[in-house]
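Peer 1: Below: sequence and its predicted model.
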Amino acid sequence: MKLLSLRMHHLRMPLVSPFTTSFMTQTHKRCFLVEAELEIADGRVVTGWGENVALDRPYYSAEYLDGSADVVARWIAPLLFAVDVLTAETVGHHLRAIVGNPMAKAAVEMAVLDAQLRAEGRSFASYLGAVARAVPSGVSVGIQDSVEATVRAVGGYVDEGYARIKLKIRPGADLAHVAAVRREFGDDLPFQVDANAAYTLVDAAHLQRLDDFGLLLIEQPLGEADLRQHAQLAGQLRTPICLDESVVSAESAVDAIALGAAAIINVKPGRVGGYLEARRIHDIARAHGIAVWCGGMLETGVGRAANTALAALPGFTLPGDISGSDRFFADDIVTAPIRMHDGVVDVPTGPGFGVEVDRERLERYRTAVVDVGV
Ligand code: OSB
Ligand code: MG
């Protein structure tokens, strides 16, 4: 394929309620979609869509939205416009000189992959080798102002039928909230927590107290660079440690597994540079008997559809953060957003990621369009 054009649609979408993590509160989702036109061998022009998941502040990862957009426009696009025979599988190779910026690379690789699969009339799930037609739907619950508010928020999602609850925690909003959720909803509720790097090894004795609550896992208790320290903490906790921020590539996944820093891995395609690297991490983890699940970054319907297909691979043995579109958005920008029913979401079957961008809604939430020149 030959890349003909690349357009970035910058969006700002209101969230149905504020989402608080240990590092920030979001009331709106800002992101950009990548729309790429590619000419395929028979002369047809095919359009593909990708989504950039960088947050607007560099608090979750070094990469942040405006920086990521700059990297796409100034550094990624020129390298790909220069390629005569471009495939989704070679995007990473052509971008190898660019250090870091996995979310920028992932968004563009996604658009090329979507176009390539649409040209073949093939679904992303089929391309990946997905084995499930529906996947369990977990929900990520933000930090609330009070224990009562946490119980209320969790109760709403339990009533809706979510298959698993993940509660965000931070020092000062942890044990009491977790204890109250267990008390209210019982020991059978599949329940886990996510600290987003808010603790240090000094907190080990405090974190040990979470062992009483039968959690599925604790996600990223320590810092992104703290692989060795996570391994040390693992020796002091019964609750399995799952890494998110620390796993930025297949290599770092291998290191985390070898060090005993991760019993479980949260695979987020944007964080690791794309869906192809995400699949490699799935394969490596599976070979080591390490469970993986699909994380989320409050994606729109485009990213959510792709995540659902990824989560249908056989090694994704824990419910992912793949809630229905209505968990975050009153109005999505695709025509048929992902819906949770009976605790699951259905894996899209249409060509590419299997969703159509709704131009009218796209324009409703669009703040800027950037055409990246050849
Ligand atoms: O740590 O998993 C995280 C959202 C933004 C940044 C980091 C995280 C999250 C979530 C949201 O937990 C999960 C979702 O998209 O449903
Ligand atoms: Mg996380």
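Peer 2: That came through fine. Ligands and ions are numbered 1, 2, ... in the order given.
Peer 1: which of the residues in stretch 35-53 are buried?
Peer 2: 35-39, 46-53 (16 or more other Cβ atoms under 10 Å). No exception for glycine: its C-beta is placed from N, CA and C like everyone else's.
Peer 1: Then stretch 335-354?
Peer 2: Neighbour counts using 16+ other Cβ under 10 Å place 337-338, 340, 343-348, 350-354 of stretch 335-354 among the buried residues.
Peer 1: restrict those residues to contacts with ligand 1.
Peer 2: Here nothing survives when these are matched to ligand 1 using Cβ under 6 Å from any ligand atom.
Peer 1: ok, now how distant is residue 147 from ligand 2?
Peer 2: With distances taken as Cβ to the ion, to the nearest Å, residue 147 is found 22 Å from ligand 2.
Peer 1: sorry, back to before: and the buried residues of stretch 335-354, which of them are in strands?
Peer 2: Secondary structure defined by DSSP state E assigns 340, 344-346 of the buried residues of stretch 335-354 to strands.
Peer 1: mind putting these in JSON lines, pLDDT included?
Peer 2: Output for those, formatted as JSON lines (pLDDT from 0 to 100):
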{"residue": "340", "pLDDT": "98"}
{"residue": "344", "pLDDT": "98"}
{"residue": "345", "pLDDT": "98"}
{"residue": "346", "pLDDT": "98"}
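Peer 1: Show me what the lengthiest helix in the chain is packed up against.
Peer 2: Secondary structure of the chain read by DSSP state H shows that its longest helix is helix 102-120. Identification of packing neighbours for helix 102-120 by 3 or more Cβ pairs under 8 Å, 6 or more residues apart in numbering; DSSP states H and E yields strand 2-20, strand 25-39, strand 45-52, helix 65-71, helix 77-81, helix 88-94, helix 124-128, helix 275-287.
Peer 1: hang on, the earlier thing: using CSV, lay out the ones in strands among the buried residues of stretch 335-354 together with distance to ligand 2.
Peer 2: CSV is the format used below for these (distance: Cβ to the ion, whole Å):
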residue, distance to ligand 2
340, 20
344, 21
345, 19
346, 24
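Peer 1: Most widely separated two among these?
Peer 2: 340 and 346 (9.6 Å; Cβ to Cβ).
Peer 1: Could you work out the end-to-end span of stretch 201-210 for me?
Peer 2: In stretch 201-210, first residue to last residue: 15 Å (Cα to Cα, to the nearest Å).
Peer 1: Find the closest residue to ligand 1 in the stretch 151-300 of the chain.
Peer 2: Closest approach between the stretch 151-300 of the chain and ligand 1, counting by Cβ to the nearest ligand atom: residue 296, at 2.5 Å.
Peer 1: give the contact list for that residue.
Peer 2: Counting by Cβ atoms under 8 Å, 6 or more residues apart in numbering, residue 296 makes contact with 140, 268, 303-304, 307, 320-323.
Peer 1: Next: residue 82.
Peer 2: Contacts of residue 82 (Cβ under 8 Å, 6+ apart): none.
Peer 1: Which pLDDT does the model give it?
Peer 2: Note for residue 82: predicted pLDDT of 97.
Peer 1: Over to the residue in the stretch 101-250 of the chain that ligand 1 sits nearest to. Which of the three states is it?
Peer 2: Nearest residue of the stretch 101-250 of the chain to ligand 1: residue 140, at 3.6 Å (Cβ to the nearest ligand atom). With DSSP: H, G, I helix; E, B strand; the rest coil as the basis, residue 140 sits in strand.
Peer 1: Pull the most distant pair out of the buried residues of stretch 35-53.
Peer 2: Farthest apart among those - using Cβ to Cβ - are 39 and 53, which lie 27.6 Å from each other.
Peer 1: Report the separation between the closest residue in space to residue 47 that isn't next to it in sequence and residue 241.
Peer 2: Setting aside the residues directly before and after it, residue 47 is nearest to residue 37 in space (Cβ to Cβ, 6 or more residues apart in numbering), at 5.5 Å. Separation of residue 37 from residue 241 (Cβ to Cβ, to the nearest Å): 44 Å.
Peer 1: Also residue 156?
Peer 2: 28 Å.
Peer 1: follow-up on the earlier one: ok, the buried residues of stretch 335-354 vs residue 20, which is closest?
Peer 2: Nearest to residue 20, judged by Cβ to Cβ, of the buried residues of stretch 335-354 is residue 340 at 21.7 Å.
Peer 1: quick one: contacts for that closest one?
Peer 2: Listed by Cβ under 8 Å, 6+ apart, the contact set of residue 340 reads 137, 160-162, 323-324, 327.
Peer 1: Kindly recompute the last result at 10 Å.
Peer 2: Counting by Cβ atoms under 10 Å, 6 or more residues apart in numbering, residue 340 touches 136-139, 157, 160-163, 322-327, 346.
Peer 1: hmm, which two among those residues are most spread apart?
Peer 2: Greatest spacing in these, by Cβ to Cβ: 157 and 346 (18.9 Å).
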